[in-house]
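>>> Got a predicted structure plus its sequence, pasted below:
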Amino acid sequence: MFTYGVFFKEFQAEFGWSRAAISGASSLAFLTMGLVGVIAGKMNDRIGPKVIIVASGISLGIGYLLMSRLQALWQLYLIYGVLVGIGFSTHDVITLSTVARWFIRRRGMMSGIVKVGTGSGQFLVPLIATLLIAAHGWRNSYLIIGSAALLIYVVVAQVLSRDPQGIGLLPDGDSNESCANGDRSPKESVTLRAAARTRQFWTICVVEFAIFFCLLTIIVHIVPHAMDLGLTPPTAVGVLSTIGGVSMLGRIVIGTANDKIGGKRSLVICFTMLLCGLIWLNVASQAWMLFLFAVIYGFAHGGFFTVMSPTIAEFFGTGSHGLLYGIVLASGTIGGAAGPLMAGHTFDVMGSYRVAFLILILLAVLGFVLIMLLQPSREGDTRR
């Protein structure tokens, strides 16, 4: 997912496509990811993750393999925007919804540990892609990455189970005696219909829109922006990889903190870091300044991608967690689709990302205010 910016300049150099056109395929992929993610989340509530992960892995792998044969812009939208987007659709909604059922006491921390996988991928794979492109060209690089993704998805899916109860276990590895008081059982009664009646659910959806709008714009455009400022391609990719590396720390720290201070306060911390990073990005003009931005922003990035799933469980329980989290993620992917497209169009028109980055600051302020106003759901609101 985080290598698209690495291939950005390759597409421009070979095909002469505008940044808005290239960004549009990424936007379509995130829209596809969000829409299919809702369906996948609902299916995960019923049948568990194994079959769903295999199906999405096949779509992702085939999509990346076909990217190596890319010749026309419509193919980019079909292959990356649709096939790869379907492959992306399960990466959070299935994995984190499964984690939410397996853990209660340390749900945030375990979500953070699982999301370190994303952070390590974000740190390593852009660097690997850069080396592959230099050694073998971008087309062969897509072949190699696609083959690896296909293999990993299919193999790892075989060891996933929907919940511990399905194989005779209990959340957190507890014994029957430790759960006898009933306090350890997740809330199972909050349905989509009940959650949809609450202001909290739709507030979280809008917040997720703002988060993804900001985060995916940065992920798609930070490499070309850094190269515009004069950084070499390996150094520019290093900024992206630094975001991934620092995000691993953010995932663990914010995930662990979430278990102690709750989702609202954790999100406030993330938005504060995001705002600091975006304000700094507007004045950053040298390599060290971009790497400092990557450190500040990367911490918030990792926290955001970790805390939302346990926050949904905190507010609405785990009975329909896959479906509810899928809808929240779908709201986010609309922002993740609009943000990179907006930034690409703004650059094509104005020749810089300055206005785009200012818009990101405004969206981050909106998300911060909404989280500050968020109040816990009343029991009666979510059990009607």
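Cool, the structure landed. Residues are numbered from 1 along each chain as shown.
>>> Local confidence estimate at Lys115?
pLDDT for Lys115: 86.
>>> swap in the one 3 residues further on?
Thr118 is assigned 82 on the pLDDT scale.
>>> Look at it and give its secondary structure.
The local conformation at Thr118, judged by DSSP: H, G, I helix; E, B strand; the rest coil, is helix.
>>> ok, and the closest non-adjacent residue to it?
Phe305 (6.5 Å; Cβ to Cβ, 6 or more residues apart in numbering). All C-beta atoms are positioned from the backbone trio N, CA, C, and that covers glycine.
>>> buried sites along stretch 251-270?
251-259, 262-264, 266-267, 269-270 (16 or more other Cβ atoms under 10 Å).
>>> Out of these, list just those in helices.
Applying DSSP state H to the buried residues of stretch 251-270, the entries found in helices are 251-259, 262-264, 266-267, 269-270.
>>> I'd like to know which of those residues is nearest to Lys9.
Closest to Lys9 out of those is Arg251 (28.8 Å), distances taken as Cβ to Cβ.
>>> Hmm, that closest one is touching Phe305, no?
Yes: using Cβ atoms under 8 Å, Arg251 makes contact with Phe305 at a distance of 6.9 Å.
>>> Quick one: mean pLDDT over the helix or strand hosting Leu78.
According to DSSP states H and E, Leu78 maps onto helix 73-78. Helix 73-78 comes out with an average pLDDT of 96.
>>> per-residue confidence at the residue nearest to Thr118?
89.
>>> The one helix or strand it maps to packs against which elements?
Element membership of Phe305 [criterion: DSSP H and E] is helix 287-316. With contacts taken as 3 or more Cβ pairs under 8 Å, 6 or more residues apart in numbering; DSSP states H and E, helix 287-316 sits against helix 93-102, helix 107-157, helix 199-228, helix 233-281, helix 321-350.
>>> mind listing what's buried in it?
287, 290-294, 296-316.
>>> Tell me how far it lies from the chain's centre.
10 Å (Cα atoms, centre = their mean, to the nearest Å).
>>> report the angle between the axes of it and helix 321-350?
150 degrees (axes from the mean of the first three to the mean of the last three Cα atoms, to 10 degrees).
>>> quick one, what contacts the closest residue to Ile243 other than its chain neighbours?
Distances taken as Cβ to Cβ, 6+ apart place Gly298 nearest to Ile243, at 4.0 Å, with adjacent residues excluded. Neighbour list for Gly298: 242-247, 249-250 [criterion: Cβ atoms under 8 Å, 6 or more residues apart in numbering].
>>> now, among the residues you listed, which is nearest to Arg19?
Among those, and counting by Cβ to Cβ, the member closest to Arg19 is Ile243, at 19.8 Å.
>>> Tally up the residues packed near the closest one, please.
Residues lying near Ile243 (other Cβ atoms under 10 Å) number 31.
>>> contacting residues for it?
122, 218-219, 222, 294, 297-298, 301.
>>> Redo those residues as TSV? Include distance to Ser23 and pLDDT.
Formatted as TSV, those follow (distance: Cβ to Cβ, whole Å; pLDDT from 0 to 100):
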residue	distance to Ser23	pLDDT
Gln122	19	80
Ile218	13	94
Ile219	11	89
Ile222	13	93
Ala294	20	96
Tyr297	19	96
Gly298	22	94
His301	19	94
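>>> now, which of these sits nearest Gly108?
Nearest member of these to Gly108, counting by Cβ to Cβ, is His301, at 16.5 Å.
>>> Could you report the distance from the closest residue to that closest one other than its chain neighbours to Gly87?
Distances taken as Cβ to Cβ, 6+ apart put Ser247 closest to His301, at 4.7 Å, once the chain neighbours are dropped. Distance from Ser247 to Gly87, counting by Cβ to Cβ, to the nearest Å: 21 Å.
>>> my guess is Ile86 contacts Gly34, does it?
No: contact criterion Cβ under 8 Å: Ile86 and Gly34 do not qualify, at 11.2 Å.
>>> In terms of neighbours, single out the busier of these two.
Between Ile86 and Gly34, counted using other Cβ under 10 Å, the more crowded position is Gly34 (27 against 23).
>>> residues contacting the more buried one?
Each residue near Gly34 by Cβ under 8 Å, 6+ apart is listed here: 89, 329-334, 336-337.
>>> With Gly85 instead?
28-33, 36.
>>> Would you reformat the residues you listed as a markdown table and include distance to Thr95 and pLDDT?
Formatted as a markdown table, the contacts of Gly85 follow (distance: Cβ to Cβ, whole Å; pLDDT from 0 to 100):
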| residue | distance to Thr95 | pLDDT |
| --- | --- | --- |
| Leu28 | 23 | 91 |
| Ala29 | 18 | 91 |
| Phe30 | 17 | 83 |
| Leu31 | 20 | 88 |
| Thr32 | 18 | 92 |
| Met33 | 13 | 90 |
| Val36 | 15 | 93 |
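>>> Would you mind checking which of these is nearest to Leu281?
Phe30 (21.1 Å).
>>> which parts of the helix or strand that closest one falls within are buried?
Per DSSP H and E: Phe30 is located in helix 19-47. If you call a residue buried by 16+ other Cβ under 10 Å, then helix 19-47 has these buried ones: 19-38, 40-45.
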